[in-house]
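A.B. asks: sequence first, then the predicted structure, then my questions.
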Amino acid sequence: MRATRWGLAAALVLMLMAAACGNDPGTGSGAGSESAAPSEAGSAASEAPSEAASDPASEAASDPASEASSLVPLDQLCSEEYGDVEAPDDFSVGLVTDIGSVDDGTFNQYAFEGMQAAEECFGIETNFIETQNQADYENNLGTILSDEPDVVVTV
């Protein structure tokens with residue numbers, strides 16, 4: 001039973017960290033349906049420009065306020081989706097970044113934010129090391145492993 005809890009907690013932590021790596025629909029930087037149909041949008045706009053300009057659904061879809069109102073706060077997500085999940089006592093996660101920092105706008109940041117979300121959601125202990133030079137990887141991994149975390153994430 002104890003091993004099952006550890007496995008479940010580790011899986012949930014990794015799932016949250018992977019979810020943090022997904023595209024944010026509010027940023028517009030994703031490669032979703034926007035890039036898949038530019039010719040359709042262009043032809044529709046040239047055929048009926050007045051329709052596109054006066055369509056309130058189009059305006060609401062591009063309105064950042066409406067997108068922000070559809071986001072679910074982390075505490076609500078934690079209580080609704082994972083409220084019955086308990087992480088084992090003293091469960092810890094260590095993160096070693098790729099060359100870069102936890103605020104560089106890349107997968108380093110997304111992994112870090114996912115780890116922070118798991119910390120907030122499940123009350124786990126976290127630690128991270130930002131790798132500055134490729135030669136530091138081995139030392140950074142040794143340092144993070146010296147804390148004996150239950151899960152180590154490397155990006």
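C.D. replies: Thanks, I have it. Residues are numbered from 1 along each chain as shown.
A.B. asks: any regions of this protein where pLDDT drops low?
C.D. replies: Applying pLDDT under 70 to the chain flags the ranges 1-3, 6, 8, 11-69.
A.B. asks: show me where it has its strands.
C.D. replies: 92-99, 125-131, 151-154 (DSSP state E).
A.B. asks: which one of those is the most hemmed in?
C.D. replies: strand 92-99 (a mean of 21; mean count of other Cβ atoms under 10 Å). Every C-beta, even on glycine, is put in place using the N, C-alpha and C of the backbone.
A.B. asks: now that strand against strand 125-131, angle please.
C.D. replies: With axes from the mean of the first three to the mean of the last three Cα atoms, to 10 degrees defining the directions, strand 92-99 sits at 20 degrees from strand 125-131.
A.B. asks: residues in contact with strand 92-99?
C.D. replies: When contacts are taken as Cβ atoms under 8 Å, 6 or more residues apart in numbering, the neighbours of strand 92-99 outside the stretch itself are 13, 106-108, 111-112, 115, 118-119, 124-134, 137, 140-141, 144-145, 147-155.
A.B. asks: tell me which strands it pairs with, and in which orientation.
C.D. replies: Strand pairing for strand 92-99, determined by DSSP bridges: strand 125-131 (parallel), strand 151-154 (parallel).
A.B. asks: to residue 73, which of the strands of the chain lies closest?
C.D. replies: Proximity of the strands of the chain to residue 73 was assessed by Cβ to Cβ; the nearest stretch is strand 125-131, lying at 20.1 Å.
A.B. asks: check contacts around residue 147.
C.D. replies: Remark: with contacts taken as Cβ under 8 Å, 6+ apart, residue 147 is in contact with 92, 94, 127.
A.B. asks: now do the contacts for residue 109.
C.D. replies: 101-103.
A.B. asks: most neighbours, which of these?
C.D. replies: Counting by other Cβ atoms under 10 Å, residue 102 has the largest number of neighbours within those, with 18 neighbours.
A.B. asks: excluding its backbone neighbours, what's nearest that one?
C.D. replies: residue 112 (3.9 Å; Cβ to Cβ, 6 or more residues apart in numbering).
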